[in-house]
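# sequence first, predicted coordinates after that:
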Amino acid sequence: VSGGEDEIQQLQKALLDYLDENTEIDASLVFSRKFYVAQWFRDTTMETEKAIKSQKDEDSSEGTHHAKDVETTGQIMHRAESRKKFLRSIIKTAPSQFSTLKMNSDTVDYEDACLIVRYLASMRPFAQSFDIYLTQ
């Protein structure tokens, strides 16, 4: 996985597929699935707010407003909206309908799901700044 936006969404979808498939075995997976969707939605909102705030801070420190900055703000908003649209489609899909939308569910087993969770967790801000916390 190269770490691009599409790859992350594919991994998220594969993990949600795995959780949905195994809810009959373990009922707590229903909560886990809802938790992941809510957390990813929250992360998208927080990342967007931080990016826009940092751009506004850069604009006010420079004293001028460039068209390039407006374009990047538009790109940030577009990327956030596409993430949110993906997550909303997952939320609106009933579990019975979700099984018909599966893409990679037959290739994801427990070990793969664990790897996906570890990878997605490593992309979170706390995991990325863990070395900084240790050195401090």
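Happy to help now that I have it. Numbering: from 1, shown residues only.
# contacts, neighbours, all on C-alpha from now
OK.
# name the SS class of the residue nearest the centre of the chain, please.
Nearest residue to the geometric centre of the chain (C-alpha atoms, centre = their mean): Trp40, 4.3 Å. Put simply, Trp40 is helix when judged by DSSP: H, G, I helix; E, B strand; the rest coil.
# now do the contacts for it.
Going by C-alpha atoms under 8 Å, 6 or more residues apart in numbering, Trp40 touches Leu87.
# for Phe86, see how far away it is.
Distance, Trp40 to Phe86, using C-alpha to C-alpha, to the nearest Å: 11 Å.
# report how many residues lie close to Arg124.
Residues within reach of Arg124, counting by other C-alpha atoms under 10 Å, total 12.
# could you pull up phi and psi at it?
As for Arg124, its main-chain torsions (degrees, to the nearest 10) stand at phi -70, psi 150.
# distance of it from Val117?
Distance of Arg124 to Val117, given as C-alpha to C-alpha: 11 Å.
# and Glu7, by the same measure?
If you go by C-alpha to C-alpha, the gap between Glu7 and Val117 works out to 14 Å.
# what do you get for Ser54?
Using C-alpha to C-alpha, Ser54 is found at 29 Å from Val117.
# ok, those two, which is more surrounded?
Taking other C-alpha under 10 Å, Ser54 and Val117 do not tie; Val117 has more neighbours (15 against 12).
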